[in-house]
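[1] Sequence plus predicted model, see below.
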Amino acid sequence: MVKVYGIDFTSAPSRRKPITVAQGILCEGALAIQLVSPIASQAGFSDLLSCEGPWIAGLDFPFGQPRKYVVNIGWPAAWVDYVRHVGNMPKATFVSEMRAYQRGRPSGDIRHFRKVDRLAGACSPMQLDFIPVARMFYAGAPALLNCGCSVFPFFSTDHDHKVAIEAYPSLVARFCVQNSSYKNDDQKKQTSEQQSARQRIVKALNASTELSSPIRQTYGTAVRLDKEQERAMVEDGTGDTLDAVLCALQAAWAYSRQEADFGMNWKCDPIEGWIADPQCQPSQRSPSVPVPAR
């Protein structure tokens, strides 16, 4: 039995837009979600990471940057070293350096991608606006480095009692509803079609208690939700509640592969990292998947 966290991250948590955390227990192939709760500050996020293990957390932000950017910008050529370098850098400096680099790039090569981003259909971790995953990296990766947990695939502590893996909940959502839109942070752009997609995703999660269900067959885990959790996942138009639970599912899948580096691709670039999901195995995904919202 192990505690599982699914963390839908934001780079500037507040009461209006908090980090959303799904907490559950994984036991004998079943993930029981206990609660979904908000964290409205970066300090609260650090407090969560300092909790006693054993636990595994799936976090929805890029743990690394593309090798091409790391090399070209002159950062140290190891994840621990360049994340420490970023952590010692004021956010304004991090943003201005990345913007200056992008301004000097030719069209079509402004923002680089990690190999796993192409495989998963994710946006570039150098994206600063709209879906500001670069800012999420800046806020999240140094916190992971400083909390004393193992961060796969970059480094492992002695006992792996606390493990962080990169999650990407849109992969699970697309698995359930193909490329249907299911969320929007802007309340004015939230639609009944998106709510219907969330309903179908929740229905697929509920069906995972059956051995023959697609979720169970792919992720190897039965997800157990109560009615209040189901309602919250469907009614939250931002998708944050649902995404936190999907991150927890990816973390549970990774934990079941702890003897194989928690589901990481052993050929992955040690500068860039990898997303923990069965669909991110090289033989399973096409690099031409459309880019969704993270």
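    Cool, got the structure.
[2] Asp160 and Leu211: what is the separation?
    29 Å (CB to CB, to the nearest Å). Any C-beta I mention is one placed from the backbone N, CA and C, and that applies to glycine too.
[3] So these two - more neighbours on which side?
    A side-by-side neighbour count of Asp160 and Leu211, using other CB atoms under 10 Å, places Asp160 first with 15 against 9.
[4] nearest residue to Tyr138 other than its sequence neighbours?
    Phe94 (5.2 Å; CB to CB, 6 or more residues apart in numbering).
[5] go on, Pro18?
    That would be Pro38: by CB to CB, 6+ apart, it lies 3.5 Å from Pro18.
[6] Then Ile33?
    According to CB to CB, 6+ apart, the nearest residue to Ile33 is Gly24 (4.4 Å).
[7] so that neighbour sits in a strand?
    Yes. Counting by DSSP: H, G, I helix; E, B strand; the rest coil, one finds Gly24 located in a strand.
[8] count of neighbours near it?
    Neighbours of Gly24 using other CB under 10 Å come to 25.
[9] need the contact list for it.
    Listed by CB atoms under 8 Å, 6 or more residues apart in numbering, the contact partners of Gly24 are 3-6, 31-34, 248, 252.
[10] of the residues you listed, buried ones?
    3-6, 31, 33, 248, 252 (16 or more other CB atoms under 10 Å).
[11] Among the residues you listed, which lie within strands?
    3-6, 31, 33 (DSSP state E).
[12] With distance to Gln199 as extra columns, can I get those in CSV?
    Output for those, formatted as CSV (distance: CB to CB, whole Å):
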residue, distance to Gln199
Lys3, 28
Val4, 24
Tyr5, 25
Gly6, 19
Leu31, 20
Ile33, 17
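[13] closest to Glu228 among the residues you listed?
    Checking these against Glu228 by CB to CB gives Ile33 as the nearest, at 10.5 Å.
[14] Please, where are all the helices along the stretch 151-294 of the chain?
    Assignment of helices within the stretch 151-294 of the chain using DSSP state H, counting those that start in this stretch yields the ranges 169-177, 192-207, 214-219, 227-235, 240-255.
[15] Helix 192-207 and the last one, what's the angle between them?
    Between helix 240-255 and helix 192-207, the angle formed by their directions is 30 degrees, by axes from the mean of the first three to the mean of the last three CA atoms, to 10 degrees.
[16] Averaged pLDDT, helix 240-255. What do you get?
    Averaging pLDDT along helix 240-255 gives 98.
[17] And the second one, by the same measure?
    Here the mean pLDDT over helix 192-207 is 97, rounded to a whole number.
[18] Number of residues surrounding Ala276?
    Look at Ala276: counted by other CB under 10 Å, it has 31 neighbours.
[19] Nearest residue to the middle of the protein?
    Geometric centre of the chain, nearest residue: Asp60, 2.0 Å, by CA atoms, centre = their mean.
[20] Enumerate every residue touching that one.
    7-9, 167-169, 243, 247, 294.
[21] export the residues you listed to CSV and tack on neighbour count?
    Formatted as CSV, the contacts of Asp60 follow (neighbours: other CB atoms under 10 Å):
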residue, neighbour count
Ile7, 27
Asp8, 28
Phe9, 25
Ala167, 30
Tyr168, 29
Pro169, 27
Asp243, 28
Cys247, 30
Arg294, 22
